[in-house]
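Enquirer: pasted the sequence and its predicted model underneath.
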Amino acid sequence: MIQIVGFDDLLAPDVKRGRVKHPRWFRQKCQLSPEASLLLTAEDGPALFGIWCLLQQWAMRHPKRGGRFVTLSGDPMSVTEIAVLIGVPGRDHLVRACINRVTNLGWMQAMTDSTPTPEDVHEESKETPQELQGNSILEEKRREETRTTFDLEDEANKQTKARSRKIVKEMVDLMTKWKGSAPGILEARLIDSVVQMATESPVGENCPQIVCTALLRHAAESGVEYTTAESGKRYLTSMLDQWRIDGKIPDNVGA
């Protein structure tokens, strides 16, 4: 999991107080810091600096995630998913290079769960040998149960991530089919905005990504010509409003 360092310092007061739920701008210094100047001196520096700005923009649009690049279920995003959501689908190499570079500069950090050492939790035992032996058996059983639980959770997390990657790829493929060419930054923003709308006002019990995928599939198969991102958003919004009224995704829109 990756996270922007000092993300809370970027938040405006109204965002911190919860008055603004989805900010449309974020703070950025007018004068470059020494780290930013160092980043820009590299041959690919300007491109990576642009990716860094897009990463901040996405994090700012989702302040409740605290600068962490995670899905709604809390799972870490893949580089491919991040590239699509910030508006540069297919530019995984730039996103990966940017994350590595800004992490070295101290702007981002990798978050890992820390496990206490035995010295941190050790306490002197006053139990008898018989009690210790009984407790040892119980502890072994608990450890086995814990390992089984962890294995199940790990498998569930892997399946969730695989489904999430599959949904993102399907949305990009459907957008390509509807547009008739590879989607760009405007189409990536269009997908993100529709997912956000479905998140704020869901259709029945459907998850936002599934709703967005169904909308794009309907659009790609409807024969409605894609002209601009703005007109595309209006069409998808009108369909989403109708589905909200009906309370479900139409049965003729395949999953």
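Expert: Thanks, I have it.
Enquirer: torsion angles phi and psi at Pro76?
Expert: Dihedral pair for Pro76: phi -60, psi 140, per degrees, to the nearest 10.
Enquirer: was I right to think it contacts Ile82?
Expert: No - the criterion here is CB atoms under 8 Å, and Pro76 misses it with Ile82 at 9.8 Å. All C-beta atoms are positioned from the backbone trio N, CA, C, and that covers glycine.
Enquirer: quick check: domain ranges of the protein?
Expert: 1-113, 162-255 (automatic domain parsing).
Enquirer: look at Val172 and say how many residues are nearby.
Expert: Residues near Val172, counting by other CB atoms under 10 Å, number 21.
Enquirer: residues touching it, list them.
Expert: Val84, Pro89, Pro183, Ile191 (CB atoms under 8 Å, 6 or more residues apart in numbering).
Enquirer: try 6 Å this time
Expert: Pro89 (CB atoms under 6 Å, 6 or more residues apart in numbering).
Enquirer: again, but for Ser231
Expert: Ser231 touches nothing, counting by CB under 6 Å, 6+ apart.
Enquirer: element containing it?
Expert: Using DSSP states H and E, Ser231 sits within helix 229-246.
Enquirer: where do the helices sit along the stretch 51-200 of the chain?
Expert: 79-86, 92-104, 118-121, 129-179, 185-200 (DSSP state H, counting those that start in this stretch).
Enquirer: between those, which gets the lowest average pLDDT?
Expert: Among the helices of the stretch 51-200 of the chain, helix 118-121 carries the lowest mean pLDDT, a mean of 34.
Enquirer: about what we covered before: tell me, which of the domains of the chain is the model least confident about?
Expert: domain 162-255 (a mean of 81).
Enquirer: gap between that one and the chain center?
Expert: 17 Å (CA atoms, centre = their mean, to the nearest Å).
Enquirer: next: stretch 55-63.
Expert: Worked out by CA atoms, centre = their mean, stretch 55-63 lies 10 Å from the chain centre.
Enquirer: now do stretch 84-95
Expert: 13 Å.
Enquirer: just the residues contacting it, thanks.
Expert: 47, 51, 54-55, 58, 79-80, 82-83, 168, 172, 183, 185, 188-189, 192.
Enquirer: and that stretch, what's buried?
Expert: Within stretch 84-95, the residues scored as buried using 16 or more other CB atoms under 10 Å are Val84, Leu85, Ile86, Gly87, Val88, Pro89, Arg91, Asp92, Leu94, Val95.
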